[in-house]
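Q: Need coordinates for the following:
(2 chains)
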Amino acid sequence: MTKRFSLSQLILLLIALVLAAVWLAPVLWAVATSLKPESETTTLPLRWFGSEITFDAYALVLGTGGIVKWAINSTVTAVVVTFLTVLFSAMAAYGFARTQFRGQRALLALILAGIMVPPQVLIAPLFAEMVAFGLVDTWWAIILPQVAAPLIVYILVKFFQDVPPELEQAAFVDGAGRWRVFFTIVLPLSRPVLAAVSIFTFITTWNNFLWPFLVSTDPNTMTLPVGLANVVQGTFGLRYAQIMASVVLAGLPLLVVFVLFQRQIIRGVAHTGLAGQ
Amino acid sequence: MTTTVAAPASTAPLAKAKVRRGWTQHGLVFVTPFLLIYVLFLVWPTVLGFQMSLSSVNIAGGNNHFVGFGNYLEAFGDPRMWRSLWNTLVFTVLSTIPLVFFGLAFALLVHHLRFVQWLWRLSFFGPFLLPSAVVSILWLQMIYPPDYGLINGALGTDVLWLGDPSTAMWSVVLTTVWWTVGFNFLLYLAALQSIPQHLYEAAAIDGASAWDKLRSITLPLLGRTTALIVVLQLLASLKVFDQIYLMTGGGPQDATRPIIEYAYDIGFTGYRTGYASAVSYILFVLIVIVSLAQLRLFRKREEVAS
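A: Residues are numbered from 1 along each chain as shown, chains lettered A, B, ... in the order given. You can find the predicted model right below:
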């Protein structure tokens, strides 16, 4: 064991170190640039550190206020989308997997067919709808279309079909109603799969660009990616330290969350990503 | 994906008749909130989009006349539509190959390493967690610029990565691979971990080398995962918009403009919403074809498996 370990492991380790360095380089370069004095961000030959390490760029970026507001917008919309998506999808999936009603098969087929519809091709009609509803430049315009996620319903239907019915029946015998069984037995049993789809939904919503970009023209409702794309390049001009400070601030939250909850996030993404099969 | 709904048949027939009515009402109540949002924000826009594609409507809702398939005919004669469709297909092929290959390579590497798993996962998967705007601004402003950019600075070259029509698409692909390979890496890593260890132990007893094991156990067992990842990647790449729009704006000289950006340009800056919908629906048809092929592929595989 120890003999095999030394050589092959050492080679693999070296390859991995080189690749990891290459993969991390762009992010580290953003951090390095953000900590340089503005006048030294584009000097050649390239240097990782300037004459001093300064947080001026961060102070300036945070001081202008935009990025804090966008972070709040991103957090609120991503949390609401995740909550509504998981709640409504779980209810619908339970309805399809565990109850019977007229038209059930047709409705489920309609929802499964929706998995094929890419939201990107619906931007024109969706935008027309938002104009008609008077929702442009509101959080709801960003939130509602993202809640219509048929893939999540499909994943949860498959999961609920495998929950043994005996667990519910004992509760029915005790006189519990459908809702109580759903909320006190089925949902707690499904915690791992609910965590997985929640994490997946949160990440995709937090990072979504095209739709929030179309429906928010007012800097007050912009999410972090939209605000960054719209405003940063325009107002900061060629102040690279500030641009990179904004980039680092916008990218940081999910990376920190990832380091803290790595296991759960990997399981969540892999589980939901593989669900298509 | 044609999941049949398994009726909970284990209930005794007597109780069943009594309970059924309650179920009937409850089932619909459970389904209604999602259904409402789904119909309003996915089904209806799909219908409306098709209707718009048959009209000359503009972004303000005016000039709304039925033109039949006129928009589609115009699109098929529009060189910029063909150019953007071509760009989309080129991007899809150029990005899918390295994204699948490196996803697998990184997963194999990390799976066989015993140290600091968190570091490899953070390095390779971390970029996937960055918003497209963060990735695009970072590469546009600090990595690709001809003089002080990280790549030219480190290599001592002076290439106009994003500004030259002959390198722009490759640069977009490079950024995309860096950004999203982590997703395929994770899927492969999960698949590798689910291969039973005893297969390798049995092979080791037979004196198989590491290469033998990779070739005759690991890779064949990853076949299904690979098929899935390829299809998911094709679908994701066909929908490319963010990083191209943000890094090159479709240029230089339309060299990178994907079809979604072309539809966006026509609809939201050129105000021809009807024509934009027709262009979008050309991509839509393409995506539906790939999705249906996926369904067929996996159903066949399931039949073979069972």
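
Q: roughly how far apart are residue B:262 and chain A?
A: Distance of residue B:262 to chain A, given as CB to the nearest CB, to the nearest Å: 12 Å. C-betas here are computed from N, CA, C, even on glycine.

Q: name the element that residue belongs to?
A: helix B:259-264 (DSSP states H and E).

Q: which helices and strands sit right next to that helix?
A: Packing partners of helix B:259-264 (3 or more CB pairs under 8 Å, 6 or more residues apart in numbering or on different chains; DSSP states H and E): helix A:123-133, helix B:79-111, helix B:242-247, helix B:273-305.

Q: for that helix, the distance to its chain's centre please.
A: Taking CA atoms, centre = their mean, to the nearest Å, one finds the center of helix B:259-264 at 16 Å from the center of the full chain.

Q: okay, that helix in PDB with CA atoms only?
A: Below are the C-alpha coordinates for helix B:259-264, written out as PDB (Å, rounded to 0.1, in the frame of the first residue of the first chain):
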ATOM      1  CA  ILE B 259     -28.800  33.000 -32.000                       C
ATOM      2  CA  ILE B 260     -30.300  34.000 -28.600                       C
ATOM      3  CA  GLU B 261     -28.400  37.200 -28.800                       C
ATOM      4  CA  TYR B 262     -29.600  37.800 -32.300                       C
ATOM      5  CA  ALA B 263     -33.200  37.300 -31.200                       C
ATOM      6  CA  TYR B 264     -32.500  39.700 -28.300                       C
END
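
Q: re the thing from before, can you check which of the helices and strands packed on helix B:259-264 gets nearest to residue B:40?
A: Nearest to residue B:40, of all those, is helix A:123-133, at 7.8 Å by CB to CB.

Q: That closest one - what's its average pLDDT?
A: Across helix A:123-133, the average pLDDT comes to 92.

Q: and it, does that touch chain B?
A: Yes. Residues of helix A:123-133 contacting chain B under CB under 8 Å from any CB of the partner chain: A:123, A:124, A:125, A:126, A:127, A:128, A:129, A:131.

Q: Contacts for that helix, please.
A: A:119, A:136, A:141, A:145, A:210-211, A:214-215, B:40-41, B:44-46, B:48-49, B:52, B:59, B:61, B:263-264, B:267-268, B:273, B:276-277, B:280 (CB atoms under 8 Å, 6 or more residues apart in numbering or on different chains).

Q: Restricted to buried residues, select the residues you listed in ChimeraX.
A: Remark: buried members of the contacts of helix A:123-133, expressed as a ChimeraX selection using 16 or more other CB atoms under 10 Å in any protein chain shown:
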select /A:119,136,141,145,210,211,214,215 /B:40,41,45,46,48,49,52,59,263,264,267,268,273,276,277,280
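
Q: So which of the contacts of helix A:123-133 are in strands?
A: Secondary structure defined by DSSP state E assigns none of the contacts of helix A:123-133 to strands.

Q: Out of the contacts of helix A:123-133, list just those in helices.
A: Counting by DSSP state H, the part of those found in helices is A:141, A:145, A:210-211, A:214-215, B:44-46, B:48-49, B:52, B:263-264, B:273, B:276-277, B:280.

Q: Need the three-state assignment for residue B:68.
A: Of the three states, residue B:68 takes coil according to DSSP: H, G, I helix; E, B strand; the rest coil.

Q: who touches it in this structure?
A: Residue B:68 makes contact with residue B:54 under the criterion CB under 8 Å, 6+ apart.

Q: gap between it and chain A?
A: Look at residue B:68 and chain A: by CB to the nearest CB, they are 18 Å apart.

Q: got it, and residue B:137?
A: Noted for residue B:137: a distance of 6 Å to chain A, by CB to the nearest CB.

Q: Residue B:141 now?
A: Relative to chain A, and taking CB to the nearest CB, residue B:141 is found at 6 Å.

Q: Could you count how many residues lie near the residue nearest to that residue when sequence neighbours are not counted?
A: Spatial nearest neighbour of residue B:141, chain neighbours left out: residue A:243 (5.6 Å); criterion: CB to CB, 6 or more residues apart in numbering or on different chains. Counted by other CB atoms under 10 Å in any protein chain shown, the residues lying close to residue A:243 total 26.

Q: ok, now residue B:218?
A: Residue B:218 has 18 nearby residues by other CB under 10 Å.

Q: Surely it and residue B:193 touch.
A: No. Assessed by CB atoms under 8 Å, residue B:218 is found out of contact with residue B:193, at 11.7 Å.

Q: next helix or strand past the helix or strand of chain A with the lowest mean pLDDT?
A: None of the helices or strands of chain A scores lower by mean pLDDT, DSSP states H and E than helix A:233-235, at a mean of 62. Moving toward the C-terminus from helix A:233-235, the next helix or strand (DSSP H and E) is helix A:240-260.

Q: what's that following helix packed up against?
A: helix A:2-34, helix A:56-63, helix A:66-98, helix A:191-207, helix B:117-125, helix B:132-138.

Q: Swap in 6 Å and give it another go.
A: Other elements packing on helix A:240-260 under the criterion 3 or more CB pairs under 6 Å, 6 or more residues apart in numbering or on different chains; DSSP states H and E are helix A:2-34, helix A:56-63, helix B:132-138.

Q: Which one of those helices lies nearest to residue B:110?
A: Closest to residue B:110 of the helices and strands packed on helix A:240-260, according to CB to CB: helix A:2-34, at 7.0 Å.

Q: Near chain A, which residues of the stretch 51-200 of chain B are found?
A: Applying CB under 6 Å from any CB of the partner chain, we find that the stretch 51-200 of chain B lies next to chain A at B:52, B:109, B:112-113, B:118, B:120, B:123-124, B:126, B:129-134, B:137-138, B:141-143, B:148, B:150, B:153, B:186-187, B:190.

Q: Leaving out the residues flanking it, which one is nearest to residue A:79?
A: Closest residue to residue A:79 apart from its sequence neighbours, by CB to CB, 6+ apart: residue A:202 at 7.6 Å.

Q: hmm, I was thinking of residue B:135
A: Residue B:135's closest residue in space is residue B:179 (CB to CB, 6+ apart), at 4.8 Å.

Q: tell me which element that neighbour falls in.
A: For residue B:179, the host element (DSSP H and E) is helix B:165-193.

Q: Can you give me the distance of the most centrally placed residue in chain A to chain B?
A: Central residue of chain A (CA atoms, centre = their mean): residue A:203, 1.2 Å from the mean position. Distance of residue A:203 to chain B, computed by CB to the nearest CB: 7 Å.

Q: quick one: that residue and residue A:239, what's the gap?
A: Residue A:203 sits 30 Å away from residue A:239, going by CB to CB, to the nearest Å.

Q: Over to residue B:173?
A: Distance of residue B:173 to residue A:239, computed by CB to CB: 29 Å.

Q: Please tell me how far the spatially most central residue of chain B sits from residue B:253.
A: Centroid-nearest residue in chain B, with CA atoms, centre = their mean: residue B:236, separated by 1.2 Å. Distance of residue B:236 to residue B:253, given as CB to CB: 26 Å.

Q: same deal with residue A:225?
A: Residue A:225 sits 27 Å away from residue B:253, taking CB to CB as the criterion.

Q: Neighbour count for the two, which is higher?
A: Between residue A:225 and residue B:253, counting by other CB under 10 Å, residue A:225 is the more crowded of the two (28 against 10).

Q: Now the strand or helix carrying that one - C-alpha only, CSV.
A: Per DSSP H and E: residue A:225 is located in helix A:224-227. Output of helix A:224-227 as CSV, limited to C-alpha atoms (Å, rounded to 0.1, in the frame of the first residue of the first chain):
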residue,chain,number,x,y,z
LEU,A,224,-26.0,41.5,-8.4
PRO,A,225,-25.1,40.1,-11.9
VAL,A,226,-27.3,42.6,-13.7
GLY,A,227,-26.1,45.6,-11.6
